[in-house]
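# With the input below, show me the fold.
(chains A and B)
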Amino acid sequence: MTGVPTNRRWGLFMSEQHKSGTHNHAMPSDPALRVQALESVLVEKGLVDPKTLDTIVDYYETEVGPRNGARVVARAWSDSDYRSWLFEDASAAIADMGYEGRQGEDMVALENTPTVHNMVVCTLCSCYPWPVLGLPPVWYKSPPYRSRAVIEPRVVLAEFGIELGDDVEVRVWDSTAELRYLVVPMRPAGTDGWSAEQLAKLVTRDSMIGTGLPLQPGEAS
Amino acid sequence: MNSVHDMGGMHGFGPVATEANEPVFHHDWEGRTIACVLAMSAWGKWNLDRSRFFRESIPGPRYLNISYYEIWLDGLIAMAADAGLASLEELNSGHADPGAEKCTPGFTADKVIPAMQRGRSARRADADLTARFAPGDKVRARNTNPRGHTRLPRYVRGRCGVIDRVHGEFVFPDSNAHFKGEAPQTVYSVRFTSAELWGNDVGHPDDKVFVDMWDSYLEQA
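Sure thing, here's the model as predicted:
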């Protein structure tokens, strides 16, 4: 797996903290060693089965991810009945695609239009719709995003490369309860006649969080 | 509790640091951590709300100085010790006490995918409550500062909004986190204007923030 320097995790914030030397030395600082100790004692006490842990890791690394959500969005783009169902009862419509479970039990779909742009945050922790988007990226869980998305969403969006006009209302959804939100971006122009499979390739993870836009035809790999 | 996890509206955390082609896990220990968290929850010794309470109980300076998976790791260790499943000494040293009882994990690998796909909805449709508010009703978030767990962010307390939609009945975290019962309440999506939350000189006054709120967080405005 690709390692990244620790100070990339929370951007400037972490590197400043490291410089000021406010590290906590009360326990081993290397989380890898701490998790190794934890897992080892849990296995020794018969509290977890290591094969169970392997299966969970594999499930979230390979089975669950934003490709699931992209298929939901692409179907909503190409099937108006499904689109209506998705906005009426997102949990059922998404389960119909086979995506359900932990952290996606109660879903709400949000519709982007020429005059409304939705974006999702969890200011209190890291709530995120796992079955459709997978586990959240580091930035989604980081203090800069959690603090700023609600007070200066347009500045945050600009950092993600999205500039919105004054005629567009920004709606920020703070996932404070057990509802999980999926943004349905606008279908890109020039995709008439595309299959759902082709359309899904245009749907990015960030476009379903609301911090990105779908790819344009020709941008998809 | 009023700790640093409640970040909405804070300044000082810098830009959002994104990473192109971010892997699901940057290090093996991150996957093992989430796997331990999910596997240990199968013992039924705590619940999701209590997990959040333990994470937000991490001392503020440390919470801000560690990665999100370390927050989960700290929370799990504290919770496992609190629940009596292992002592802190065992969890930190990686060795079970001599003569410690050995359990047999019931959450075996074959149960992982069904359990993840089934999820654990906090919706309690059978609670049979009458919603106090309807869409369009004007409400105010109560000004309250509980020392225990709450999902009422500071930035909305005392602010007026409008009921946007009624989500239904859900387990009440402020009670459930402290093992005082699920005590389901109606959850609403409450719409706040940017101007109400942040004043007229920040951002676009007509942009909106939607916050999911349990009934007892609200009063009529």
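# all contacts plus neighbour counts: C-alpha atoms, from now on.
OK.
# what's near enough to touch the residue nearest to B:Leu48 when sequence neighbours are not counted?
Using CA to CA, 6 or more residues apart in numbering or on different chains and skipping residues adjacent in sequence, the residue nearest B:Leu48 is B:Ala177, 7.6 Å away. If you count contacts by CA atoms under 8 Å, 6 or more residues apart in numbering or on different chains, B:Ala177 has them with B:47-51, B:53, B:149.
# Buried subset of those as a ChimeraX selection?
Selecting the buried subset of the contacts of B:Ala177 in ChimeraX, with 16 or more other CA atoms under 10 Å in any protein chain shown as the burial test, is done by:
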select /B:47,49,50,51,53,149
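# so where do the strands sit in chain A?
Here chain A has its strands, by DSSP state E, at A:106-111, A:116-121, A:169-174, A:179-184.
# Turn these into TSV, columns for mean neighbour count, mean pLDDT and distance to chain B.
Formatted as TSV, those follow (neighbours: other CA atoms under 10 Å in any protein chain shown; pLDDT from 0 to 100; distance: least, CA to the nearest CA, whole Å):
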stretch	mean neighbour count	mean pLDDT	distance to chain B
strand A:106-111	22	98	7
strand A:116-121	24	98	9
strand A:169-174	24	98	5
strand A:179-184	26	98	8
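# Columns distance to A:Glu61 on top of those strands, output as JSON lines?
Supplementary listing: the strands of chain A in JSON lines, determined by distance: least, CA to CA, whole Å:
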{"stretch": "strand A:106-111", "distance to A:Glu61": "22"}
{"stretch": "strand A:116-121", "distance to A:Glu61": "22"}
{"stretch": "strand A:169-174", "distance to A:Glu61": "26"}
{"stretch": "strand A:179-184", "distance to A:Glu61": "20"}
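# closest one to B:Gly199 among those?
Evaluated over the strands of chain A, closeness to B:Gly199 peaks at strand A:169-174, with 16.0 Å, by CA to CA.
# How far away from the center of its chain is that closest one?
Taking the mean C-alpha point of strand A:169-174 and that of its whole chain, the gap between them comes to 16 Å (CA atoms, centre = their mean, to the nearest Å).
# how much does it deviate in direction from strand A:116-121?
Between strand A:169-174 and strand A:116-121, the angle comes out at 20 degrees (axes from the mean of the first three to the mean of the last three CA atoms, to 10 degrees).
# Starting from strand A:169-174, tell me which strands it pairs with and how they run.
Counting by DSSP bridges, the strands paired with strand A:169-174 are strand A:116-121 (parallel), strand B:208-214 (parallel).
# Can you report how many residues lie near the closest residue to A:Lys201 other than its chain neighbours?
Counting by CA to CA, 6+ apart, A:Lys201 lies nearest to A:Ala220, which is 6.0 Å off, once chain neighbours are set aside. Per other CA atoms under 10 Å in any protein chain shown, the neighbour tally for A:Ala220 reads 14.
# mind listing what the residue most central in space within chain A touches?
When chain A is reduced to its mean C-alpha position, the closest residue under CA atoms, centre = their mean turns out to be A:Pro136, at 4.5 Å. Contacts here follow CA under 8 Å, 6+ apart; on that basis A:Pro136 touches A:126, A:128, A:130.
# let's see it at 7 Å
For A:Pro136, the contacting residues are A:Tyr128, by CA atoms under 7 Å, 6 or more residues apart in numbering or on different chains.
# Likewise for B:Gly119?
For B:Gly119, the contacting residues are A:101-102, A:105, taking CA under 7 Å, 6+ apart as the criterion.
# is the closest residue to A:Met208 other than its chain neighbours in a bridge, and if so with what?
In this structure, A:Met208 finds its nearest non-sequential neighbour in A:Val183, 4.5 Å apart by CA to CA, 6+ apart. Per DSSP bridges, the residues bridged to A:Val183 are A:Leu110.
# measure A:Val183 to B:Met1 for me?
As judged by CA to CA, to the nearest Å, A:Val183 and B:Met1 stand 30 Å apart.
# Where do the helices of chain B begin and end?
Applying DSSP state H to chain B gives helices spanning B:28-41, B:48-56, B:60-63, B:68-82, B:88-93, B:112-118, B:173-176, B:194-198.
# which residues sit in contact with A:Ala149?
Applying CA under 7 Å, 6+ apart, we find A:Ala149 in contact with A:121, A:156.
# what does B:Glu169 give?
B:123-125, B:127, B:184-187.
# Spit out the contact partners of the spatially most central residue of chain B.
The centroid of chain B falls nearest to B:Arg52 when counting by CA atoms, centre = their mean (4.3 Å). Listed by CA under 7 Å, 6+ apart, the contact set of B:Arg52 is empty.
# Check B:Arg159 too.
The neighbours of B:Arg159, taking CA under 7 Å, 6+ apart as the test, are B:140-141, B:196-197.
# Kindly report the same for A:Asp206.
Residues A:Gly212 are the ones in contact with A:Asp206 under the rule CA under 7 Å, 6+ apart.
# what about it, distance to A:Leu182?
As for A:Asp206, its distance to A:Leu182 is 10 Å (criterion: CA to CA).
# ditto for B:Arg32
Taking CA to CA, one finds B:Arg32 at 27 Å from A:Leu182.
# Find me the pLDDT at residue 19, would you?
As the question left the chain open, I've gone with chain A. The pLDDT attached to A:Lys19 in the predicted structure is 37.
# Please refer instead to chain B.
pLDDT, B:Glu19: 96.
# Would you check that the residue nearest to A:Lys201 makes contact with A:Val203?
No. Contact between A:Ala220 and A:Val203 fails when scored by CA atoms under 7 Å: they sit 9.0 Å apart.
# Of all the residues in the longest strand along chain B, which ones are buried?
If you go by DSSP E, chain B has its longest strand at strand B:160-170. By neighbour count with 16+ other CA under 10 Å, strand B:160-170 contains the buried residues B:160-170.
# Now pLDDT too, for these, in a markdown table please.
Output for the buried residues of strand B:160-170, formatted as a markdown table (pLDDT from 0 to 100):
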| residue | pLDDT |
| --- | --- |
| B:Cys160 | 98 |
| B:Gly161 | 98 |
| B:Val162 | 98 |
| B:Ile163 | 98 |
| B:Asp164 | 98 |
| B:Arg165 | 97 |
| B:Val166 | 98 |
| B:His167 | 98 |
| B:Gly168 | 97 |
| B:Glu169 | 98 |
| B:Phe170 | 98 |
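# quick one: the spatially closest residue to A:Tyr82 that is not a sequence neighbour from chain B, how far?
Closest residue to A:Tyr82 apart from its sequence neighbours, by CA to CA, 6+ apart: A:Ala76 at 5.6 Å. According to CA to the nearest CA, to the nearest Å, A:Ala76 stands 22 Å off from chain B.
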